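> Structural data only, the sequence is not supplied:
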C-alpha cells in the first residue's frame, strides 16, 4: 500500500521520550504506541507510523465515532492539543516529530483528518533531507 511513503518518528511533546514501538510493526515499520481511553475503557493503541496509513492495533475495542483520549505511556500526560478537528470537531492530538515539527491527528475513531506543521521550516527540511538522503545523486556513471 504505502511502500514508498515515509515512516515518521515521533516523540511525546511533554517529556520528549520516543513513542516508537519496535515490537509492533504496521506497514512493515515500527508503530507509534500510546495509551488510549475511550469512555470507561483503557488500554494501548499502536498507530501506523507511515504518513497517510491508517492501520492501527488496539488492546480495547474501538467503535467508529468514539472520541479517544491519547496519552504518553511514559509520562502519562495527555497528547490532546488545543486545536479541534476541522472535519468533525473532536480534539486534535499532537506528536512531536523527531527531526522537528509536529504531526496532528484527529482523536475521533474513523476520522482521517491529519496534518504536519513546522515552526522552523528551514531547519526541519534540512534535517528531513539529511535523514532520508533527499537529493542525493549517484556519482557512478
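Yes, it's here. From a predicted model like this one, the values you see are computed outputs, not experimental measurements. Numbering: from 1, shown residues only.

> Only C-alpha atoms from now on, for both contacts and neighbour counts.
Fine.

> For the chain, which segments count as helices?
121-131 (DSSP state H).

> what ranges of it fall below the confidence cut-off?
The chain contains residues with pLDDT under 70 at 1-4, 120-125, 127-128, 131-141.

> The strand ranked longest in it pairs with which strands, parallel or anti?
Assignment by DSSP state E gives strand 29-38 as the longest strand of the chain. In the sheet, strand 29-38 lines up against strand 20-26 (antiparallel), strand 41-47 (antiparallel), strand 69-71 (antiparallel) (DSSP bridges).

> Would you quantify the distance from the residue nearest to residue 38 when sequence neighbours are not counted to residue 88?
What sits nearest to residue 38 in space, not counting adjacent residues and going by C-alpha to C-alpha, 6 or more residues apart in numbering, is residue 68, at 4.9 Å. Between residue 68 and residue 88 the computed distance is 13 Å (C-alpha to C-alpha, to the nearest Å).

> Same drill for these two, tell me which one is more crowded.
Shown here are residue 68 and residue 88; by other C-alpha atoms under 10 Å, residue 68 has more neighbours (22 against 14).

> List the contacts of the more buried one.
36, 37, 38, 39, 107, 108, 109 (C-alpha atoms under 8 Å, 6 or more residues apart in numbering).

> I'd like to know how many residues surround residue 39.
9.

> Could you report the separation of the nearest residue to it once chain neighbours are set aside from residue 18?
Nearest residue to residue 39, sequence neighbours excluded (C-alpha to C-alpha, 6+ apart): residue 68, at 7.9 Å. Distance of residue 68 to residue 18, given as C-alpha to C-alpha: 21 Å.

> cool, and residue 32?
9 Å.

> give the contact list for the nearest residue to residue 27 once chain neighbours are set aside.
Leaving aside its chain neighbours, residue 27 sits nearest to residue 48 (6.8 Å; criterion: C-alpha to C-alpha, 6+ apart). Counting by C-alpha under 8 Å, 6+ apart, residue 48 touches 25, 26, 27, 29, 30, 31, 32, 54, 55, 56.
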